[in-house]
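Visitor: Generate a structure from the sequence data that follows.
(one chain, ligands or ions: 2)
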Amino acid sequence: MTTDGITMEELQLAARNHGMPLEALRYDVTPLGLHYLLIHFDIPEADERTWRLEVGGHVRAPLAPSMEDLRRRPTVTTPVTLECAGNGRARLDPRPVSQPWLEEAVGTAEWTGTPLRPLLEEAGVLDGAVEVLFAGADRGVQGGLEHDYERSLPLQEALREEVLLAFGVNGQPLPPQHGHPLRLVVPGWYGMTSVKWLRRITVLTEPFGGYQQTGSYLIHADEDDPGVPVTRIEPRSLLQPPGIAEFESRGRFLAPGGHVLRGRAWSGRAPIARVEVSTDGGRGWREADLGERRSRWAWVAWSLPWEATPGEHELCSRATDEDGNTQPLERPWNTGGYANNAVQRVRVTVRAGVGG
Ligand SMILES: Nc1nc2c(c(=O)[nH]1)N[C@H]1C(S)=C(S)[C@@H](COP(=O)(O)O)O[C@H]1N2
Ligand SMILES: [Mo]
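Guide: Numbers count the residues shown, from 1 in each chain. Ligands and ions are numbered 1, 2, ... in the order given. Model prediction:
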């Protein structure tokens, strides 16, 4: 943990795993190279001609489809907003040392693949199954433990019809960094659940206790507290920073007059009910207009006209979902720096003659 300047380790992580530039909030579907990336270890070598997905464990008839077999199955394409559970981590004080995201660890892609459920039904899940474990082909060391990247889901979550085995994204084959040739996509859950380079699916009769499940992704204030597992995406909204940017500080400059503030909002818990916007650092709030909902699992656009007056302004937006979950102004600290969905703050200098 650290409170001052970024460490070399954090810089190394930040240079490998990039966020989505916030101006890309203008796109319904994030262009592929602008989608955020998070890769714990290395991108593994993968040859799709020899790739097999092993489906086994507590099932009647284990399967091992090739990529060709998977592509011959019924195919669907759905827009899904993925967000890293560590998004917002670098805003916490002290800062847990890990990937130092501000607010940009998000993206919405159109994932193409075959639904998981029919494949599990074909394998025949036996009575007594409680979880389904997904293993990637990447292996590394974290928390002092060597392991394959593996995450599990409760059986009923794995059987949701929108859970996909994806082999395409935005109309292209999966690129190496997003899990080529095959990944899991679990809409509504934070990104760690959507295992890339997917090689094995194992039906379990006991909850999985591996590092990425029980040594990580728990929300707790200290290591003695058992904590609460990170699961669904908390509501968040982001504002597409208006005006022009300053290179080093990312501060914004904008001309006075009429502007339209725009952004996106999403929640993995329930559909977005409303987005409110503040232009004075969170003292006053006005409700934004919501755009068309393209899918339950993709972000929704919002907009609000703003008459900008000369001076300094702090813009904020706050999303609330239909279950009443909302974004706090400040989120209680936790050891891993997870799920910090506190409202974003964008400082803008409004000045005549700017932006010509
Ligand atoms: N095999 C494997 N799957 C993985 C990861 C990983 O390191 N290895 N990172 C996870 C995390 S923490 C996130 S946030 C998402 C990021 O997906 P993206 O890089 O395609 O945006 O992938 C998840 N799936
Ligand atoms: Mo993540």
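
Visitor: give me every residue that touches the residue in the stretch 1-150 of the chain that ligand 2 sits nearest to.
Guide: Closest residue of the stretch 1-150 of the chain to ligand 2, CB to the ion: residue 84 (3.3 Å). Heads up, the C-betas are built off the backbone N, CA and C, glycines and all. Counting by CB atoms under 8 Å, 6 or more residues apart in numbering, residue 84 touches 36, 38, 99, 101, 105, 106, 190, 191, 192.

Visitor: Within the helices and strands, which one has the fourth one?
Guide: With elements taken from DSSP states H and E, nothing contains residue 101; it lies in neither a helix nor a strand.

Visitor: circling back: from ligand 1, how far out is the residue of the stretch 1-150 of the chain closest to ligand 2?
Guide: 4 Å (CB to the nearest ligand atom, to the nearest Å).

Visitor: which residues in the stretch 101-250 of the chain form strands?
Guide: With DSSP state E, counting those that start in this stretch, the ranges of strands along the stretch 101-250 of the chain come out as 106-115, 131-142, 145-154, 164-169, 172-173, 183-185, 198-204, 218-219, 228-229, 236-239, 244-245.

Visitor: thinking again about what came up before, format the contacts of residue 84 as TSV; extra columns: neighbour count, pLDDT and distance to ligand 2.
Guide: As requested, the contacts of residue 84 are exported to TSV (neighbours: other CB atoms under 10 Å; pLDDT from 0 to 100; distance: CB to the ion, whole Å):
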residue	neighbour count	pLDDT	distance to ligand 2
36	22	98	9
38	21	98	4
99	22	97	7
101	25	98	9
105	24	98	7
106	26	98	11
190	23	98	6
191	23	98	4
192	20	98	5
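
Visitor: I'd guess residue 33 is in a helix, am I close?
Guide: Yes - remark: residue 33 belongs to a helix, assigned using DSSP: H, G, I helix; E, B strand; the rest coil.

Visitor: What about it, how many residues nearby?
Guide: The number of residues packed near residue 33 is 11, by other CB atoms under 10 Å.

Visitor: same thing with residue 223?
Guide: The tally of other residues near residue 223 (other CB under 10 Å) stands at 9.

Visitor: Surely it and residue 335 touch.
Guide: Yes - under the criterion of CB atoms under 8 Å, residue 223 makes contact with residue 335 at 6.7 Å.

Visitor: And for residue 63, the neighbour number?
Guide: Residue 63 has 17 nearby residues by other CB under 10 Å.

Visitor: ok, and the closest non-adjacent residue to it?
Guide: residue 55 (4.3 Å; CB to CB, 6 or more residues apart in numbering).

Visitor: Next SSE downstream of the helix or strand hosting that neighbour?
Guide: Here residue 55 sits within strand 54-57, counting by DSSP H and E. Using DSSP H and E, the helix or strand that follows strand 54-57 in sequence is helix 67-71.

Visitor: quick one: average pLDDT of that following helix?
Guide: For helix 67-71, mean pLDDT is 98.

Visitor: name the helices or strands packed onto that helix?
Guide: With contacts taken as 3 or more CB pairs under 8 Å, 6 or more residues apart in numbering; DSSP states H and E, helix 67-71 sits against strand 106-115, strand 164-169.

Visitor: As a markdown table, the ones you listed with distance to residue 318 would be great.
Guide: Listed next are the helices and strands packed on helix 67-71 as a markdown table, based on distance: least, CB to CB, whole Å:
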| stretch | distance to residue 318 |
| --- | --- |
| strand 106-115 | 16 |
| strand 164-169 | 30 |
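
Visitor: Relative to ligand 1, which of those is closest?
Guide: Evaluated over these, closeness to ligand 1 peaks at strand 106-115, with 6.1 Å, by CB to the nearest ligand atom.

Visitor: between the closest one and strand 164-169, how many degrees?
Guide: Strand 106-115 and strand 164-169 meet at an angle of 110 degrees, taking axes from the mean of the first three to the mean of the last three CA atoms, to 10 degrees as the criterion.

Visitor: for ligand 1, what are the nearby residues on the stretch 151-300 of the chain?
Guide: 178, 191, 192, 194, 195, 196, 197 (CB under 6 Å from any ligand atom).

Visitor: Most neighbours among those, which one is it?
Guide: Highest neighbour count within these, by other CB under 10 Å: residue 195, with 29 neighbours.

Visitor: wait, it sits on residue 183?
Guide: Yes - look at residue 195 against residue 183 with CB under 8 Å: they come within range, at 6.5 Å.

Visitor: Just give me the closest of the contacts of residue 84 to residue 62.
Guide: residue 192 (26.0 Å; CB to CB).

Visitor: which ones are touching that closest one?
Guide: 84, 85, 151, 212, 217, 230.

Visitor: can you check residue 241 too?
Guide: Contacts of residue 241 by CB under 8 Å, 6+ apart are 22, 23, 250, 252, 346, 348.
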